[in-house]
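Asker: This is a predicted model, with the sequence first.
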Amino acid sequence: MKYLGIGLAVLLAAAVMVGCGGDDDGGYESKTVQGITLSWKINGSQDSLLVKVSATTVGMVLVGFDIDPLSGLQNANIITGYVVSDTVYIQDNIGTGEEAYLPDTTFNGTDDVADKAGTENGGTEITFTIPLDSGDPNDVVLEVGESYLVFLAWGNNDSHAYAPEVYASTEIEL
């Protein structure tokens, strides 16, 4: 009887872990804010961040890393993306003001987004990988174990330059 109680306790603990997110999504951590879901995980070699951003829109989604609450998007690493006819458009940007951003390449930076993919099926989901330290002076250096304020947004139009309709922010730990 003692072992039955221990067995039930182990099963209960496993069920709670699965219910709380465990490894059921490939090891990704996830947060949903204002209808935007951000999922992330560090790759096995711990040199890049794998990211998924989704929202119930057929337009663009946006994620910005290391947002300064006092200056908005200024100097943040911002990734925008959308899908048109199964073609994925993902762009690496730098925050240029409180609510503005432009492509990194506009300021002699590089497009450091890799593994670009996405779907549009009742909503838009983009997936990509960014280096934790790209060496690009326009990008934020991210460190495992640190917390970052993240900006999320979505809009109804397929455009990197279109102003989103829904904005949110959250804090994540890598």
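Answerer: Happy to help now that I have it.
Asker: next one: stretch 158-166 to chain centre, how far?
Answerer: Centre-to-centre, stretch 158-166 and its host chain are 16 Å apart (CA atoms, centre = their mean, to the nearest Å).
Asker: mind listing what's buried in that stretch?
Answerer: When burial is assessed from 16 or more other CB atoms under 10 Å, stretch 158-166 yields the following buried residues: 158, 160, 164, 166. No exception for glycine: its C-beta is placed from N, CA and C like everyone else's.
Asker: Contacts for that stretch next, please.
Answerer: The contact list for stretch 158-166 (CB atoms under 8 Å, 6 or more residues apart in numbering) reads 34-36, 55, 58-60, 62, 80, 82-84, 89, 91, 93, 99, 103, 153-156.
Asker: Specify the local secondary structure of the nearest residue to Leu174 once chain neighbours are set aside.
Answerer: Closest residue to Leu174 apart from its sequence neighbours, by CB to CB, 6 or more residues apart in numbering: Val144 at 5.2 Å. Following DSSP: H, G, I helix; E, B strand; the rest coil, we place Val144 in the coil state.
Asker: Asp47: how many residues sit nearby?
Answerer: When neighbours are counted by other CB atoms under 10 Å, Asp47 registers 12.
Asker: What segments of the chain are helices?
Answerer: For the chain, the helices defined by DSSP state H cover 2-19.
Asker: which residues in it form strands?
Answerer: Using DSSP state E, the strands found in the chain span residues 29-33, 36-42, 48-55, 61-65, 77-84, 87-95, 101-103, 114-120, 124-131, 147-154, 166-173.
Asker: I'd like these laid out as TSV, including distance to Val140.
Answerer: Listed next are the strands of the chain as TSV, based on distance: least, CB to CB, whole Å:
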stretch	distance to Val140
strand 29-33	18
strand 36-42	14
strand 48-55	11
strand 61-65	5
strand 77-84	4
strand 87-95	9
strand 101-103	13
strand 114-120	16
strand 124-131	9
strand 147-154	8
strand 166-173	13
